[in-house]
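Engineer: One predicted model, sequence on top.
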Amino acid sequence: MTDAPRVRFAPSPTGELHVGNARTALFNWLFARHTRGRLILRIEDTDESRSALSYQTSLMDDLKWLGLSWDEGPDAGGGCGPYRQSERLEIYAGYLKKLIDAELVYPCYCTEEELEEERRSLILSKRMPRYMGRCRSLTPDQRKAREASGRKPSWRFKVPQTTVEFTDLIRGPMRFEGEAMGDFIVVRSNGMPAYNFAVVIDDSLMAITHVIRGEDHLSNTALQIMLYRALGFEPPVFAHHCLILGRDHAKLSKRHGSVAVGEFRRRGFLPEALLNYLGLLGSSFADAKEVLSRDEMVAAFSLERASKSGAVFDEDKLSWLNALYIRNLHVDDLVERLRPFLREAGYAEEKIDQRRLGEIVAAVQGELVTFAGIGGHIDLFFDDRYVLTPEARAVLASDRARQVISSFKEYLEKASGAPREIYIAAMQYTREKSGAKGRDLFLPVRAALTGRLSGPELDRVFAILGPASARERLERLTL
């Protein structure tokens, strides 16, 4: 093994990057940065029917959006490439030959239907489903007969009836009995390497020292250790973190809502908020802190503090954290990040006075939970989008409200000066003339000026609208 730790994130490009896989990427990234090691990105694209270049591109974009950089990979190069499994087929073929020559594998001619029938039979007899070795002892003549009938063999590894033991950095001592495992496929009948076979070869040749992945791979680890031994490789250290669960404590899936990083990205979540939240799931940091920068997470990361039990994904908690991050952004940064969402909401933001845009964004900053809802928050500042909600119209229907609006309008018609000063004086005038105060005073004015019953501070709204726009809106009211 090399002195500096080497870890890898090895996704299959068969769909969008799932938050569960993103957390695995984060754990590997944190470990590499904490230990001053290296992170390798490897694309496991041997499933030709499901892999797509578009998914590969999107998952790399999502990782970059999250700020998870890698040191070696398809686009970064490195001394252990190629970093796409589809470009390493000759390497796998060489190691298959090594296993064949050592008589550690054998050709299997079983069809999918035969394997499924065997599986059902074992389940009905209340036994663990596994391959029972039907083709393990075929004679050369029997193999020729099956090939003559058109059957193409896959290659199965001869599982030794021994015990596999290893110490997991998160889960402690682990033990698997070989007699409970069936001979497993290392190369499929189409010539493509199976997952466990390719992973062992790649991790060994890429000098991976630590494999950090989800607990659903625990049983794979036992099979892979057998292959490490058969091929003469030294196994890495393993750490299997808990899975992300839905609120029903089932494995997180689409039925629980958004599960893809791209979905949260499109909905206007901040990458640093999502990354922070994923870091909290199934892990813990010093002093029980919940809001941490990337540098703080790197410094505090420890596999020993990772939880063994499933972590429930709570989107409400993520939304709270995202809103907190938005509130802490400098307004200039916030405006820049909002631009694509403003365009999506129908605003030609480049045509809006940038100083005014900054004032508007600053006014609603404390209300934003995600970026995608920006249109609904700033519509009230634009006369062509100003509308009275039914709730606002109901408030303005009372005689007391009409009196408040009449007094406020009366003052504006003769007012001059700075907008904030005009607003303060207008409210004082309205209070004295109408006798209204508190909610009875402020709610009708808010309803009339903004068309809604809640929003930014009224003095701030008035200052941005200006007296002329305020007068125009009051003139348009038909109560």
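Structural biologist: All right, it came through fine. This one's a predicted model, so the numbers in the text were calculated from it and none came from an experiment. Residues are numbered from 1 along each chain as shown.
Engineer: Going by neighbour count, list what's buried in the helix or strand harbouring residue 474.
Structural biologist: Here residue 474 sits within helix 458-476, counting by DSSP states H and E. Going by neighbour count (16 or more other Cβ atoms under 10 Å), the buried part of helix 458-476 is 458, 460-465, 467, 469-470, 473-474. All C-beta spots, glycine's among them, are computed from the backbone N, C-alpha and C.
Engineer: and these as CSV, adding distance to residue 216?
Structural biologist: As requested, the buried residues of helix 458-476 are exported to CSV (distance: Cβ to Cβ, whole Å):
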residue, distance to residue 216
458, 54
460, 51
461, 52
462, 57
463, 56
464, 52
465, 55
467, 63
469, 58
470, 60
473, 58
474, 62
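Engineer: can you put these in TSV and add distance to residue 15 and pLDDT?
Structural biologist: Formatted as TSV, the buried residues of helix 458-476 follow (distance: Cβ to Cβ, whole Å; pLDDT from 0 to 100):
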residue	distance to residue 15	pLDDT
458	48	96
460	44	96
461	44	97
462	49	97
463	48	96
464	44	97
465	47	96
467	55	95
469	48	95
470	51	96
473	49	94
474	54	93
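Engineer: Most widely separated two among these?
Structural biologist: 460 and 474 (18.4 Å; Cβ to Cβ).
Engineer: And this structure, what are its domain boundaries?
Structural biologist: The chain breaks down by automatic domain parsing into domains covering 6-84+244-312, 88-241, 333-378, 386-479.
Engineer: among the ones you listed, which is nearest residue 327?
Structural biologist: domain 333-378 (5.8 Å).
Engineer: What distance do you get for residue 337 to residue 296?
Structural biologist: 21 Å (Cβ to Cβ, to the nearest Å).
Engineer: ugh, wrong one, residue 308
Structural biologist: 24 Å.
Engineer: Repeat that for residue 60.
Structural biologist: Relative to residue 296, and taking Cβ to Cβ, residue 60 is found at 26 Å.
Engineer: Who has more neighbours out of the two?
Structural biologist: The neighbour count for residue 60 versus residue 296, taken as other Cβ atoms under 10 Å, is higher for residue 60 (19 against 15).
Engineer: which residue sits closest to that one, ignoring its sequence neighbours?
Structural biologist: Leaving out its chain neighbours, the residue that sits closest to residue 60 by Cβ to Cβ, 6 or more residues apart in numbering is residue 75, at 7.1 Å.
Engineer: does the one you found sit in a helix, a strand or a coil?
Structural biologist: coil (DSSP: H, G, I helix; E, B strand; the rest coil).
Engineer: you'd agree it is up against residue 61?
Structural biologist: No. Using Cβ atoms under 8 Å, residue 75 is not in contact with residue 61; the gap is 11.1 Å.
Engineer: More neighbours: the two, which one.
Structural biologist: Between residue 75 and residue 61, counted using other Cβ under 10 Å, the more crowded position is residue 61 (14 against 10).
Engineer: That one and residue 448: what is the separation?
Structural biologist: 46 Å.
Engineer: Kindly report the same for residue 467.
Structural biologist: 14 Å.
Engineer: Ok, residue 359 next?
Structural biologist: 21 Å.
Engineer: So the two - more neighbours on which side?
Structural biologist: residue 448 (23 against 15).
Engineer: Tell me which helix or strand the closest residue to residue 477 other than its chain neighbours sits in.
Structural biologist: Distances taken as Cβ to Cβ, 6+ apart place residue 448 nearest to residue 477, at 6.1 Å, with adjacent residues excluded. Applying DSSP H and E as the criterion places residue 448 in helix 439-450.
Engineer: Spatially nearest residue to residue 420 (excluding sequence neighbours)?
Structural biologist: residue 463 (5.0 Å).
Engineer: Pull the contacting residues for that neighbour.
Structural biologist: By Cβ atoms under 8 Å, 6 or more residues apart in numbering, the contact list for residue 463 reads 359, 419-420, 423.
Engineer: and what of residue 314?
Structural biologist: residue 247.
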